[in-house]
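K.L.:
how would this look folded up:
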Amino acid sequence: MKTRLLVLVISLCANFSLQAQTNERYIEVTGTSEIEIVPDKIHYLIEIREYFEEEFDRKSKPEEYRTKVPLSEIEQELREAFANAGIPQNAIRTQEIGDYWRQQGQDFLVSKKFDITLTDFNQINEILKRIDTKGVHTMRIGELENKDMLVYHQKGKIEALKAAQKKATYLVEALGKKLGDVIRIVEEGNSNIFPFAQSNVLSSDAASFDSFRTIKKNYSMLVRFEIIE
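P.N.:
Numbering: from 1, shown residues only. Okay, here's the model as predicted:
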């Protein structure tokens, strides 16, 4: 008897809830915004790797490579280039060290990655002017940051909410109704738009970095508003 009564109560609650949802008048729209942020911290990633001098004589075959340039020598020259470019030592962080199997029957070639924290894109140009690229495997721009990123996030979300309200207002008014209170807000996936970072950045032309000078962030908010008759 208790079980049947419980089932009946649940059934009545479900029916009442469904009826309430059916009678609810609302409009649901998505508002979006885009914020451009000028980075004040630039991570420049460089990977160096041992190589053979014969690779660059334009006549030797891989099986003839003999004179390996050690990683320590490549790193020393790289750090000297950093110093000459005005990059402080505390801005240079070793990311990882690993081995690279070049070809069957030959030695492992050791590689090392660096994360250099810069404050100006012109510093990249200064580095590129001074380094010997023979021992450099890849160079690329990594993460771009700004110390006021949280403020920009808040601004982007507010602008997305305003866009949703504006869209809902003109849609509802077109039907002769009025927009009521906010019923529900759902923050949808926000995304970063970074320009494509090439695996090798060897140009010292300042224009090469123009597309990286701002971070674009997209914000999207799903908002449900009450409709007033």
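K.L.:
can you list the residues that contact the lengthiest helix in the chain?
P.N.:
For the chain, the longest helix by residue count, based on DSSP state H, is helix 149-173. Outside helix 149-173, the residues within contact range by C-beta atoms under 8 Å, 6 or more residues apart in numbering are 27, 29-35, 37, 146, 178-179, 185, 187, 190, 217-223, 225, 227. No exception for glycine: its C-beta is placed from N, CA and C like everyone else's.
K.L.:
Let's test this: mean pLDDT of the following helix or strand past that helix, rounded?
P.N.:
In the C-terminal direction, the helix or strand that comes right after helix 149-173 (DSSP states H and E) is strand 178-187. Mean pLDDT, computed over strand 178-187, is 94.
K.L.:
Could you do stretch 122-132 as well?
P.N.:
Per-residue pLDDT over stretch 122-132 has a mean of 90.
K.L.:
buried stuff in that stretch?
P.N.:
Residues 123-128, 130-131 are the ones in stretch 122-132 that count as buried (16 or more other C-beta atoms under 10 Å).
K.L.:
how far does it sit from the chain's center?
P.N.:
Centroid separation between stretch 122-132 and its chain, computed with C-alpha atoms, centre = their mean, to the nearest Å, is 24 Å.
K.L.:
Stretch 27-35 now?
P.N.:
In terms of C-alpha atoms, centre = their mean, the centre of stretch 27-35 is found 21 Å from the chain centre.
K.L.:
Show the average pLDDT along it.
P.N.:
What stretch 27-35 shows for mean pLDDT is 94.
K.L.:
Show me what it is in contact with.
P.N.:
Stretch 27-35 is contacted from outside by 152, 155-157, 159-168, 171-172, 179, 184, 188, 216-225, 227, using C-beta under 8 Å, 6+ apart.
K.L.:
List the buried residues for it?
P.N.:
27, 29, 31-33, 35.
K.L.:
Let's see that stretch as CSV, backbone CA atoms only.
P.N.:
The C-alpha trace of stretch 27-35 is given here as CSV (Å, rounded to 0.1, in the frame of the first residue of the first chain):
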residue,chain,number,x,y,z
ILE,A,27,13.3,32.8,-25.2
GLU,A,28,16.8,31.3,-25.3
VAL,A,29,19.6,33.0,-27.2
THR,A,30,23.4,32.8,-27.4
GLY,A,31,25.4,36.0,-27.1
THR,A,32,29.1,36.1,-28.2
SER,A,33,31.9,38.6,-27.9
GLU,A,34,35.6,38.8,-28.9
ILE,A,35,38.3,40.5,-26.9
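K.L.:
Tell me how many other residues crowd the closest residue to Arg66 other than its chain neighbours.
P.N.:
Closest residue to Arg66 apart from its sequence neighbours, by C-beta to C-beta, 6 or more residues apart in numbering: Glu54 at 6.5 Å. Neighbour count of Glu54, defined by other C-beta atoms under 10 Å: 16.
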